[in-house]
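# structure of the sequence below:
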Amino acid sequence: MGKKILVVDDDPGVRLFNVTVVEEAGHTALVAENGEDGLAMAKSASPDLIVLDVLMPRQSGIKMYRALKTDPAYQGIPIIILSGISERSFLKSQQALTQFGGNAVPEPEAYLEKPVNAQTLTEWIQKMLGD
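Okay, here's the model as predicted:
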């Protein structure tokens, strides 16, 4: 199959939708239910792309994004944020964490607000992977 795409979302329905889109696009889906498991999987599996929710239990996508983007070994992995919260709220949370002593992080390569249709997600996956 194509490239490895890590899907991180706590909602089973959204995970299934995202996995289906990834597989229909010809790629292999790796799945995690929260940011903690997603971060571990990102570090062990070295995915080509991550589709990441923001609000999740155990570890939020906000923290997972920050952990990846501040680690030189993983900061090159492109991330599509797919969330029910606005991009503005996400960026404000990142700014707040930076102000409280964290490293500054770049804005996400793509930010899609839920609900998103399959065609839009597929187009962003192709764009991010250069398909």
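
# gap between the residue positioned nearest the centre of the chain and S83?
Nearest residue to the geometric centre of the chain (C-alpha atoms, centre = their mean): L52, 2.4 Å. L52 sits 8 Å away from S83, taking C-beta to C-beta, to the nearest Å as the criterion. Glycine gets a C-beta too; all of them are placed from N, C-alpha and C.

# any common contacting residues for those two?
Counting by C-beta atoms under 8 Å, 6 or more residues apart in numbering, the contacts common to L52 and S83 are G61.

# contacts only, for the residue nearest to the centre of the chain.
Neighbours of L52 in contact, by C-beta under 8 Å, 6+ apart: V8, D9, G38, G61, M64, Y65, I79, I80, I81, L82, S83.

# need the pLDDT of it.
L52 is assigned a predicted lDDT (pLDDT) of 97.

# what about the strands in the chain?
Along the chain, counting by DSSP state E, strands occupy 4-8, 28-32, 49-52, 79-83, 110-113.
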